[in-house]
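[1] Pasting the sequence and the predicted coordinates here, then a few questions.
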Amino acid sequence: MADVRRGLIIVNTGPGKGKTTAAMGTALRAVGQGMRVLMLQFLKGSWHYGELDAVKQFGDKFVMKQMGRGFVKVGTEKPDPED
């Protein structure tokens with residue numbers, strides 16, 4: 001039987017720390033098994049993340065894109081569609 005692989009989406013959410021670390025571990029295991037990974041990271045700020053530099057070492061096997069414009073306060077205003 002042919003080796004058929006399907007895509008998988010995993011969403012890590014919640015307060016506090018550990019989401020990026022958990023996602024990176026899962027992604028690195030997938031790359032180690034010969035799979036390609038696209039990781040979308042929604043940021044709370046515009047500072048530099050070392051993880052992005054590390055991921056670039058994998059070329060097209062592991063692509064990490066940072067999304068969003070930073071922290072968005074939820075209140076009475078409608079959110080900007082860009083967020």
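    Good, I have the coordinates.

[2] At which residues are the strands of this structure located?
    37-42, 62-67 (DSSP state E).

[3] out of those strands, nearest to Gly25?
    strand 37-42 (11.5 Å; C-beta to C-beta). From N, CA and C alone the C-beta is placed, and that goes for glycine too.

[4] Buried ones in the closest one, by neighbour count?
    Buried residues in strand 37-42, counted by 16 or more other C-beta atoms under 10 Å: 37, 39, 41.

[5] gap between Lys56 and Thr13?
    25 Å (C-beta to C-beta, to the nearest Å).

[6] Columns distance to Gly7 and mean pLDDT on top of the strands of the chain, output as JSON lines?
    Shown next, in JSON lines, are the strands of the chain (distance: least, C-beta to C-beta, whole Å; pLDDT from 0 to 100):
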{"stretch": "strand 37-42", "distance to Gly7": "9", "mean pLDDT": "90"}
{"stretch": "strand 62-67", "distance to Gly7": "14", "mean pLDDT": "89"}
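
[7] Cheers, nothing more for now.
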